[in-house]
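Peer 1: Here's a sequence, model it:
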Amino acid sequence: MTARGRAGRAAGFAALILALLPGLASAQEPLSAIDWLSRSVATPVAPTLPPENPVSAGGALPDDIAVSSIDAPSPDGAGLLAPEVTGLPRDLWGLGRTAEIAALIARDRPDTLPALQGLLITLLLAEAQPPSDAGGTGVLLLARIDRLLALGAVDQARALLDAAGPGNAEMFRRSFDVALLTGDEDAACETLRADPGIAPTFPARVFCLARSGDWNAAALSLRTGQALGFVTPAEDALLSRFLDPDLFEGEPPLDPPLRPTPLEWRMFEAIGEPLATATLPIAFAHAELRNVAGWKAQLEAAERLARAGVITPNQMLGYYTERLPAASGGIWDRVEAFQAFEAALAKKDTAGVTRTLPVAYARMAQAELEVPFATLHAGALRSVPLTGDAARVALTVGLLSPDYEAAARTHVPLDAAEAFLVALATGKVEGVAAPDSLARAILPAFLAPLPTPEALVLLEERRLGEAILQAIDRIGRGVQGDARGVTEGLSLLRHVGLEDVARRTALELMLLERRG
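Peer 2: Have a look, this model is predicted:
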């Protein structure tokens with residue numbers, strides 16, 4: 001290309017960038033519950049929602065009637081799981097108000113029990129009629145996607161984004177980061193290039209131009225961003241090394257950001273300065289599942305994601321059995337114990353299972369992976385005749401599995417604690433004594449479930465989704481020592497027909513060490 005051609009190309013590209021500047025200059029930081037999302041697009045200021053009235057036992061209906069077009073499609077109704085699959089009604093949110101529901105969804109729930117975590121994810125993925133005041137804004141959809149991302153449910157968030165269809169810049173922003181975390185950044189960059197309605201910020205533009213192989217345009221874009229003040233010094237340093245790492249050979253590594261975005265994380269990896277994901281938000285663990293990561297990094301990420309209930313136990317199994325551990329200590333001891341138990345169980349070696357099961361379960365419990373372990377092995381364990389400590393562990397494994405009732409039906413209790421667990425699993429608690437204080441909090445919910453007055457108000461207004469979220473929170477407080485919260489939360493779940501979730505939650509309360 002001649003010098004004149006290169007100059008013309010540069011001028012044309014600069015003009016394209018300058019055409020985007022009004023949007024860039026007026027854009028404010030997007031409103032998001034996820035503070036680590038990349039600022040990949042320039043987003044107009046989101047509309048301010050009207051102030052909301054608090055929920056009270058005396059009634060939670062809005063003072064003014066919300067009006068929306070019946071024929072207008074709303075992204076807030078998008079979902080992956082039909083009512084026939086979830087068992088939840090299509091009018092899950094009833095007469096609730098969007099801002100209140102979104103705030104309840106956004107609430108952090110650390111150390112949630114596995115059964116309740118599964119219920120929460122189901123609720124977030126459910127197809128449901130949007131609240132009457134949703135108005136097609138997508139506020140509730142974004143709240144659900146953000147909560148999935150916060151839980152580490154990146155694949156589920158991506159599927160929900162796909163189900164919602166083409167969206168606004170905020171939707172693309174999340175899709176872009178999901179793609180970065182899962183290794184699909186080229187497809188995301190192609191979407192950005194093909195949609196002129198999405199105004200990328202300079203770091204995102206530079207990254208995508210470089211990924212497409214147009215290094216000259218990427219460098220020009222960076223220089224333009226520098227000149228116009230749209231690139232911070234930290235972004236400038238990272239982007240410069242990303243575009244020409246040889247130029248900085250021998251220089252000390254960059255200071256890592258305290259809260260890297262997926263875009264920053266990906267570029268640090270590209271320049272040979274990868275950032276560990278163990279201390280980053282759990283969504284970053286998905287990046288370690290790619291083939292470019294080492295086995296130990298994959299194992300640690302798989303454990304973290306399995307513990308959160310956002311990958312299947314079979315996915316965890318795949319990483320655990322990929323090869324033989326070449327070291328000892330920590331995660332390697334867990335993998336070795338797991339593999340030894342698997343081998344004995346596959347051969348139906350009663351002596352081998354008796355020897356390896358207690359060790360393997362203890363190792364998995366250290367990592368809070370008892371439920372994935374139980375889901376994988378409970379069925380096969382029922383056909384192995386065990387005694388002593390191995391039999392006790394096998395009962396625990398069976399009761400923590402989805403087939404808990406079958407495990408309980410074939411077991412003869414040896415003491416009051418086992419009798420209570422069997423009664424919970426079979427739903428026949430009449431006349432059974434509670435062996436401890438936690439059991440005394442659980443028992444009333446299975447004898448005479450009585451939701452709180454506040455929950456009953458929500459149910460009268462068909463606000464089942466909110467009632468379930470509040471029940472999850474009440475049980476969470478119970479895990480921290482509020483026994484009444486356990487009774488109230490389990491009562492609500494049973495009152496609305498979520499019997500399986502209630503039983504599994506009660507069993508997990510009794511069997512898992514989750515006390516904060």
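Peer 1: Check what pLDDT the closest residue to residue 113 other than its chain neighbours gets.
Peer 2: Excluding its sequence neighbours, the residue lying closest to residue 113 (CB to CB, 6 or more residues apart in numbering) is residue 508, at 4.7 Å. In this view, the C-beta of every residue, glycine as well, is placed from N, C-alpha and C. Residue 508 is assigned 97 on the pLDDT scale.
Peer 1: Packing partners of the host helix or strand of residue 508?
Peer 2: Here residue 508, judged by DSSP states H and E, is contained in helix 499-511. Packing contacts for helix 499-511, counted by 3 or more CB pairs under 8 Å, 6 or more residues apart in numbering; DSSP states H and E, involve helix 114-125, helix 388-399, helix 404-409, helix 416-426, helix 437-447, helix 464-479, helix 483-495.
Peer 1: what about the residue lying closest to residue 108 once chain neighbours are set aside, which helix or strand?
Peer 2: In this structure, residue 108 finds its nearest non-sequential neighbour in residue 150, 7.6 Å apart by CB to CB, 6+ apart. Secondary structure from DSSP H and E places residue 150 in helix 139-151.
Peer 1: by contact count, what packs against that helix?
Peer 2: Contacts defined by 3+ CB pairs under 8 Å, 6+ apart place helix 139-151 against helix 98-106, helix 114-125, helix 154-164, helix 169-182.
Peer 1: Let's have these in JSON lines, adding distance to residue 305.
Peer 2: Shown next, in JSON lines, are the helices and strands packed on helix 139-151 (distance: least, CB to CB, whole Å):
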{"stretch": "helix 98-106", "distance to residue 305": "21"}
{"stretch": "helix 114-125", "distance to residue 305": "12"}
{"stretch": "helix 154-164", "distance to residue 305": "9"}
{"stretch": "helix 169-182", "distance to residue 305": "12"}
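Peer 1: JSON lines please, covering those helices and showing mean pLDDT, mean neighbour count and distance to residue 385.
Peer 2: Shown next, in JSON lines, are the helices and strands packed on helix 139-151 (pLDDT from 0 to 100; neighbours: other CB atoms under 10 Å; distance: least, CB to CB, whole Å):
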{"stretch": "helix 98-106", "mean pLDDT": "96", "mean neighbour count": "19", "distance to residue 385": "47"}
{"stretch": "helix 114-125", "mean pLDDT": "98", "mean neighbour count": "22", "distance to residue 385": "28"}
{"stretch": "helix 154-164", "mean pLDDT": "95", "mean neighbour count": "19", "distance to residue 385": "39"}
{"stretch": "helix 169-182", "mean pLDDT": "93", "mean neighbour count": "23", "distance to residue 385": "44"}
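Peer 1: domain parsing for this structure?
Peer 2: Residue ranges for the domains of the chain, per automatic domain parsing: 290-385, 437-511.
Peer 1: out of those, deepest packed?
Peer 2: Among the domains of the chain, judged by mean count of other CB atoms under 10 Å, the one packed with the most neighbours on average is domain 437-511 (a mean of 21).
Peer 1: I'd like to know how many residues surround residue 188.
Peer 2: The burial count assigned to residue 188 is 22, neighbours taken as other CB atoms under 10 Å.
Peer 1: whoops, residue 435 was the one
Peer 2: Neighbours of residue 435 under the rule other CB under 10 Å: 16.
Peer 1: unless I'm mixing things up, it is touching residue 417, no?
Peer 2: Yes - counting by CB atoms under 8 Å, residue 435 touches residue 417, with 4.6 Å between them.
Peer 1: Buried ones in the helix holding residue 150, by neighbour count?
Peer 2: By neighbour count with 16 or more other CB atoms under 10 Å, helix 139-151 contains the buried residues 139-151.
Peer 1: Next: stretch 270-279.
Peer 2: Within stretch 270-279, the residues that qualify as buried by neighbour count (16+ other CB under 10 Å) are 270, 271, 274, 275, 277.
Peer 1: Filter those down to the ones in helices?
Peer 2: residue 270 (DSSP state H).
Peer 1: Helices of the stretch 251-400 of the chain, start to end?
Peer 2: 262-270, 295-307, 313-320, 331-346, 350-366, 370-381, 388-399 (DSSP state H, counting those that start in this stretch).
Peer 1: possible to save the ones you listed as a markdown table with mean pLDDT and distance to residue 83?
Peer 2: What follows is the helices of the stretch 251-400 of the chain, written out as a markdown table (pLDDT from 0 to 100; distance: least, CB to CB, whole Å):
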| stretch | mean pLDDT | distance to residue 83 |
| --- | --- | --- |
| helix 262-270 | 96 | 33 |
| helix 295-307 | 97 | 28 |
| helix 313-320 | 97 | 26 |
| helix 331-346 | 97 | 38 |
| helix 350-366 | 97 | 35 |
| helix 370-381 | 97 | 25 |
| helix 388-399 | 97 | 29 |
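Peer 1: So which of these is nearest residue 125?
Peer 2: Evaluated with CB to CB, the helices of the stretch 251-400 of the chain place helix 295-307 nearest to residue 125, the distance being 16.6 Å.
Peer 1: Now do that closest one: which elements does it pack against?
Peer 2: helix 313-320, helix 331-346.
Peer 1: I'd like the secondary structure assignment at residue 203, please.
Peer 2: Using DSSP: H, G, I helix; E, B strand; the rest coil, the structure places residue 203 in helix.
Peer 1: I'd guessed it sits against residue 41; true?
Peer 2: No - the criterion here is CB under 8 Å, and residue 203 misses it with residue 41 at 10.8 Å.
Peer 1: Tell me who's in contact with the residue nearest to residue 113.
Peer 2: Counting by CB atoms under 8 Å, 6 or more residues apart in numbering, residue 508 touches 113, 114, 115, 371, 400, 514.
Peer 1: Repeat that for residue 322.
Peer 2: By CB under 8 Å, 6+ apart, the contact list for residue 322 reads 295, 298.
Peer 1: Same check on residue 243?
Peer 2: Shown in contact with residue 243 (CB under 8 Å, 6+ apart): 206, 210, 215, 218, 219, 222.
Peer 1: phi, psi of the first one?
Peer 2: Torsion angles at residue 206 (phi, psi; degrees, to the nearest 10) stand at phi -60, psi -50.
Peer 1: For the closest residue to residue 339 other than its chain neighbours, give its distance to residue 343.
Peer 2: For residue 339, ignoring the flanking residues on the chain, the nearest one in space by CB to CB, 6+ apart is residue 321 at 6.4 Å. Separation of residue 321 from residue 343 (CB to CB, to the nearest Å): 10 Å.
Peer 1: Could you do residue 417 as well?
Peer 2: Distance from residue 417 to residue 343, counting by CB to CB: 31 Å.
Peer 1: cool, residue 315 as well?
Peer 2: Look at residue 315 and residue 343: by CB to CB, they are 20 Å apart.
Peer 1: Next up, the contacts around the closest residue to residue 120 other than its chain neighbours.
Peer 2: Nearest residue to residue 120, sequence neighbours excluded (CB to CB, 6+ apart): residue 472, at 6.1 Å. By CB under 8 Å, 6+ apart, residue 472 lies in contact with 109, 112, 116, 119, 120, 489.
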